[in-house]
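>>> structure for the following, please:
(chains A and B)
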Amino acid sequence: MNGTEPLVSVRNLKKEFPIRKGILSRQVGAVKAVNDVSFDVARGETLGVVGESGCGKTTTGRSILRLIEPTSGEIRFEGRDVRAMGTSELRALRREMQIIFQDPVSSLNPRMAVGAIIREGLTIHKLAEGAAADARVRQLLQEVGLRPEYSNRYPHEFSGGQRQRIGIARALSVEPKFIVCDEPVSALDVSVQAQVINLLEDLQRDHDLTYMFIAHDLSVVEHIADRVAVMYLGKIVELATVEDLYSTPLMPYTQALLSAVPVADPHARKERIILQGDVPSPANPPSGCVFHPRCHHPAKDAACAAIVPPLEEKTPGHFAACIKQPPTTVSWEQQKEAGGVHPPERYLPLAAVHA
Amino acid sequence: MPWQTQDFAAASGPTPQRESPLALSVRNILRKPSSRVALFVLGVIVLVGLLAPLIAPYNPAAQPDIVGLKDLPPSLAHPFGTDPYSRDVLSRVIYGARLSLMIGILATIVSLTLGVAYGAIAGYAGGILDAVMMRVLDAFLSIPRLLLLIGVLVAWPKLSIGALVVFLGLTGWFGLSRIVRGQVLALKHAEFVTAAQALGASRRRILWRHLLPNIVSPIVVAATLGVAHVIVLEAGLSYLGIGVPKPLASWGNIIQDGSDQFPTMWWMSLFPGLFMVLTVMTLNILAESLSDAYERRR
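Numbers count the residues shown, from 1 in each chain, chains lettered A, B, ... in the order given. The predicted structure is shown next:
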């Protein structure tokens, strides 16, 4: 975006989890959790990542931080190759990239006082000691909206929203540039969700943070994200600015997702696109377009099952992986050769357009 | 954001109590009357052992009159009677408490160290190392502990108490390391561990600060049972004459001294036996309520 180098750049990221069977642990297959994913995150922006559970959002986020070792692909942070880093380089990188977790219960060590939890990053990276560290912990607590006196309490004494704030303070303690927010509000009550999201937005403004915001709730993402990537079965199927994605969703999967977002108007009569069947197993994904067995695009045909659709720019800044939404680089001749009978045709059901 | 700070303080401030999880579980344990009694009884026995030189009425090894004072039944002068060498059984039982408890605790410290280290490394490393370490453990576990000890002690008959403690400890960590390994395995993918990794924490730090503090409860339970087990084992070995060298007083030795004439001179074996049973029982009761408190918290 806007000509400058992206903060995080991911190219052809793949992560396969082997399936082993039998007494010899022979590998009989692989779950393709993340299957050839590429995207950039610009400095200061919030990239939303949405998709159903199991679509590879979390694996993608954790791979960037190398909390999970990817199978292949390239990850660059400020131009540096993250996958090639040795132990000491990686430790230094940990200061710049942080993560906020979904589960406010299991993400805090029950045996550590809140102050000790927040202080750990300061100790590891030798940022502050003694009284200076105490002061920094108090400041961080205040910054996330908790009272500084809470530092000698234990996690079990706090509510879910408060625990999430502690997790945010922990991530913030090392002054990172980039934070992967892994469904940070999914486990919270709706009223608390808004508070935590506002806090995240305030912190982003005050500290020039860049977020990768993983969620399965489209309305949450609409609020906080600048751009949104939609994932399905380990692939990014659509990537666009929030405005474009919610007003003109080009990928039939995104259309179905958006049609399912509830509207807070009792008189609104909204049609819904009901997807048929279940999400296929990522151990054995469908051929061609991974979404084709459930797709409702009127031009869907045999070509969809044969050709893997590239993630291509349909309108400036709006990427989608669908050979039936024009324009496409997969020519009609190629599609016919693969058994296509319906030429590409722009399809935008009213049900999918977000008000 | 000062408004937020106040907002939160007023709306959902947590209860003012400030207790560490450890203090909480200690309170949980003491809630049960049976464990309070057990703790009291055990406390008395430990105190008796600690203060043995002050409490014991006679020197436990003294044989004042091997002809006139031997085999005396319980009386005011000798509440637990005397043994075939005219030694005061009460004094010997008191000193026996000291020795038996000490052997139990020290041997358990040895096995605790080994078991926690072995189990934690296997569980945390995972993969092939874990598989190999566990198979080795299976091999160790397949040898009966008592048989192994008898073999060793018969081969080296004149072992010091220190060596005895080491051997008891060396043969007692297999089960514990299994427990530790399982717990570490279950915990190492917890999100707070991932969070520590993301902060750049070293493996050692994760093990010491994040994993081990969270498995203290099952370790303490296993250690408590371990002490009881070692006390019984030591008594058994001493009874067979290959444990604590005589004339030192351990509960097993005292029972052994009276074993020939048990039906007629019951006091020589009954009193040390009673003390041992009491100790082992209270240890088991405490271990059980510890494990209850631990289960409740989960």
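
>>> please enumerate the helices of chain B.
B:2-12, B:21-30, B:33-50, B:52-55, B:89-125, B:127-141, B:145-155, B:161-170, B:174-187, B:191-198, B:203-205, B:216-239, B:251-258, B:267-297 (DSSP state H).

>>> let me know whether residue A:254 touches residue A:237 as I believe.
Yes: Residue A:254 is in contact with residue A:237 according to C-beta atoms under 8 Å; the separation is 7.1 Å. Bear in mind the C-beta positions are built from the backbone N, C-alpha and C, glycine included.

>>> now do the shared contacts for those two.
A:230, A:320 (C-beta atoms under 8 Å, 6 or more residues apart in numbering or on different chains).

>>> for chain A, which segments count as strands?
For chain A, applying DSSP state E gives strands covering A:8-21, A:26-41, A:46-50, A:72-77, A:80-81, A:97-100, A:178-182, A:210-215, A:227-232, A:235-241, A:312-315, A:318-320.

>>> looking at these, which is nearest to residue B:269?
Among those, the nearest to residue B:269 by C-beta to C-beta is strand A:8-21 (58.0 Å).

>>> against which helices or strands is the closest one packed?
Where contact means 3 or more C-beta pairs under 8 Å, 6 or more residues apart in numbering or on different chains; DSSP states H and E, strand A:8-21 is packed against strand A:26-41, helix A:57-64, strand A:72-77.

>>> try 10 Å
strand A:26-41, helix A:57-64, strand A:72-77, strand A:210-215 (3 or more C-beta pairs under 10 Å, 6 or more residues apart in numbering or on different chains; DSSP states H and E).

>>> of all those, which lies closest to chain B?
helix A:57-64 (7.7 Å; C-beta to the nearest C-beta).

>>> show me what contacts residue B:55?
Listed by C-beta atoms under 10 Å, 6 or more residues apart in numbering or on different chains, the contact partners of residue B:55 are B:47, B:48, B:49, B:90, B:91, B:94, B:95, B:97.

>>> whichever of the residues you listed end up buried, select them in ChimeraX.
Buried subset of the contacts of residue B:55, written as a ChimeraX selection, criterion 16 or more other C-beta atoms under 10 Å in any protein chain shown:
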select /B:48,49,90,91,94,95,97
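
>>> where does chain A dip in pLDDT?
For chain A, the stretches with pLDDT under 70 are A:1-3, A:269-270, A:354-355.

>>> all helices for it, in order.
Using DSSP H, helices in chain A cover A:57-64, A:87-94, A:114-124, A:130-143, A:160-172, A:190-207, A:218-224, A:242-247, A:252-259, A:302-306, A:332-337.

>>> quick check: the gap between residue A:248 and chain B.
37 Å (C-beta to the nearest C-beta, to the nearest Å).

>>> how far away is the nearest residue to that residue once chain neighbours are set aside from chain B?
Spatially, and ignoring its direct neighbours in sequence, residue A:248 is nearest to residue A:348 (6.2 Å; C-beta to C-beta, 6 or more residues apart in numbering or on different chains). Distance, residue A:348 to chain B, by C-beta to the nearest C-beta: 40 Å.

>>> tell me the phi and psi of residue A:348?
Torsion angles at residue A:348 (phi, psi; degrees, to the nearest 10) stand at phi -140, psi 90.

>>> quick one: contacts for it?
Contacts of residue A:348 by C-beta under 10 Å, 6+ apart are A:247, A:248, A:249, A:250, A:252, A:255, A:325.

>>> count of residues packed around residue A:93?
19 (other C-beta atoms under 10 Å in any protein chain shown).

>>> my guess is it meets residue A:77, correct?
Yes: using C-beta atoms under 10 Å, residue A:93 is in contact with residue A:77, at 6.6 Å.

>>> and for the two, which residues touch both?
Counting by C-beta under 10 Å, 6+ apart, the residues touching both residue A:93 and residue A:77 are A:65, A:85, A:178.

>>> for the first one, which non-adjacent residue is spatially closest?
Of all residues beyond its chain neighbours, the one nearest residue A:65 is residue A:97 (5.3 Å), with distances taken as C-beta to C-beta, 6+ apart.

>>> thinking again about what came up before, scan the contacts of residue A:348 and report the most crowded one.
The most crowded member of the contacts of residue A:348, judged by other C-beta under 10 Å, is residue A:252 (29 neighbours).

>>> that one against residue A:297, yeah?
Yes: using C-beta under 10 Å, residue A:252 makes contact with residue A:297 at a distance of 4.6 Å.

>>> got any residues that touch both of those two?
Shared contacts of residue A:252 and residue A:297, counting by C-beta under 10 Å, 6+ apart, come down to A:289, A:291, A:322, A:324, A:325, A:347, A:349.

>>> tabulate these (TSV), appending distance to residue A:13.
What follows is these, written out as TSV (distance: C-beta to C-beta, whole Å):
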residue	distance to residue A:13
A:289	19
A:291	19
A:322	21
A:324	26
A:325	24
A:347	29
A:349	31
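
>>> buried subset of these?
A:289, A:291, A:322, A:324, A:325, A:347, A:349.

>>> which one of the residues you listed is nearest chain B?
Chain B lies nearest to residue A:291 out of those, by C-beta to the nearest C-beta, at 30.6 Å.

>>> which residues does the closest one contact?
Residue A:291 neighbours (C-beta under 10 Å, 6+ apart): A:232-233, A:235, A:237, A:251-254, A:256, A:275, A:279-280, A:285, A:297, A:300, A:304, A:309, A:321-322.

>>> go again using 8 Å as the cut-off
Applying C-beta under 8 Å, 6+ apart, the residues near residue A:291 are A:232, A:233, A:237, A:251, A:252, A:253.

>>> can you tell me which of these is nearest chain B?
Chain B has its nearest neighbour among the contacts of residue A:291 in residue A:233, at 23.6 Å by C-beta to the nearest C-beta.

>>> just checking, that closest one touches residue A:278?
No: when contacts are counted by C-beta under 8 Å, residue A:233 is not listed as touching residue A:278 (11.4 Å).

>>> gap between residue A:236 and residue A:311?
Distance, residue A:236 to residue A:311, using C-beta to C-beta, to the nearest Å: 6 Å.

>>> so what sits against both of these two?
Common neighbours of residue A:236 and residue A:311 (C-beta under 8 Å, 6+ apart) are A:38, A:319, A:321.

>>> what sits closest to residue A:113 if chain neighbours are left out?
residue A:152 (5.2 Å).
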